[in-house]
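Chemist: below is the sequence, then the predicted model.
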Amino acid sequence: MKAPVKGNFLENSINTRHWVMVSSLGVVWGSTFLFIELALQGITPLWLTSARIVFAAVITSLVWFAYGGKLFTTNEKAWGRLGLIGIISTALPFQLISWGQQYVTSSFAGLAMASMPLFVLPLAYFFKTNENLDLKKFIGFIIGFVGIIILFSPDFSSSNDVSPLTTLGKFACIAAAFCYASNSILMR
């Protein structure tokens, strides 16, 4: 067993494999919004959401069966919470993003997901007793919040479309990010 080398964490821990993995995640997650935009040209948001969930359920089930198909919990009380997590982490944000992308670009939808950590901070502070809010976190939160305001400004949009549906589409994408943030608190 190799002893850990003292020094810079990044120098000792991150290698090419890690960069490939992070880059792959970026491509997969980022391209999702482009594919949603393309799919919405032929199907409704509800059909798209349903197809995404069914596809994921089939793949997850195949992996689950490949690893023996055992339930990870037999506690019946946990199923209600797991159902809530499934709705908040998957069904609701998928639908919000699909509906919102009828009125906003895929690039806006992708950028809107970057607001998720901004929602985690206040949610963790109010719902988790061990979360501290120091000046550094508060300043970061304010800077991020200003970024969301800039995202909503008409000057940011290439189309300068300030129609009510465009605004609702933007809110739907931000609400999806809020769902993901809420899920991260529920999963702790």
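Modeler: Perfect, thanks for sending it. Residues are numbered from 1 along each chain as shown.
Chemist: please count neighbours and contacts with C-alpha atoms only from this point.
Modeler: Noted.
Chemist: helices or strands up against the strand or helix carrying residue 62?
Modeler: In this assignment (DSSP states H and E), residue 62 forms part of helix 45-66. For helix 45-66, the packing partners by 3 or more Cα pairs under 8 Å, 6 or more residues apart in numbering; DSSP states H and E come out as helix 92-100.
Chemist: the next helix or strand after the helix it packs on relative to helix 92-100, how many degrees between them?
Modeler: Proceeding N to C from helix 92-100, the next assigned helix or strand is helix 106-113, under DSSP H and E. Taking axes from the mean of the first three to the mean of the last three Cα atoms, to 10 degrees, one finds helix 106-113 and helix 92-100 inclined to each other by 150 degrees.
Chemist: what's next to helix 106-113, contact-wise?
Modeler: Here helix 106-113 makes contact (Cα atoms under 8 Å, 6 or more residues apart in numbering) with 30, 33-34, 36-37, 97, 100-101, 148, 151, 170, 173-174, 176-177.
Chemist: what is the rounded mean pLDDT of whichever strand or helix holds residue 148?
Modeler: Assigned by DSSP H and E, residue 148 belongs to helix 135-152. Regarding helix 135-152, the rounded mean pLDDT is 85.
Chemist: relative to helix 106-113, how tilted is that helix?
Modeler: 160 degrees.
Chemist: just the CA atoms of helix 135-152, as CSV, please.
Modeler: Extracted C-alpha coordinates of helix 135-152, given in CSV (Å, rounded to 0.1, in the frame of the first residue of the first chain):
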residue,chain,number,x,y,z
LEU,A,135,-19.9,35.6,5.9
LYS,A,136,-18.1,33.8,3.1
LYS,A,137,-21.1,31.7,2.3
PHE,A,138,-23.4,34.7,2.5
ILE,A,139,-21.3,36.8,0.1
GLY,A,140,-21.2,33.8,-2.3
PHE,A,141,-24.9,33.5,-2.1
ILE,A,142,-25.5,37.2,-2.8
ILE,A,143,-23.1,37.0,-5.8
GLY,A,144,-24.9,34.0,-7.1
PHE,A,145,-28.3,35.6,-6.6
VAL,A,146,-27.2,38.6,-8.6
GLY,A,147,-26.3,36.1,-11.4
ILE,A,148,-29.8,34.7,-11.4
ILE,A,149,-31.2,38.3,-11.7
ILE,A,150,-28.9,38.8,-14.7
LEU,A,151,-30.1,35.5,-16.2
PHE,A,152,-33.7,36.9,-16.1
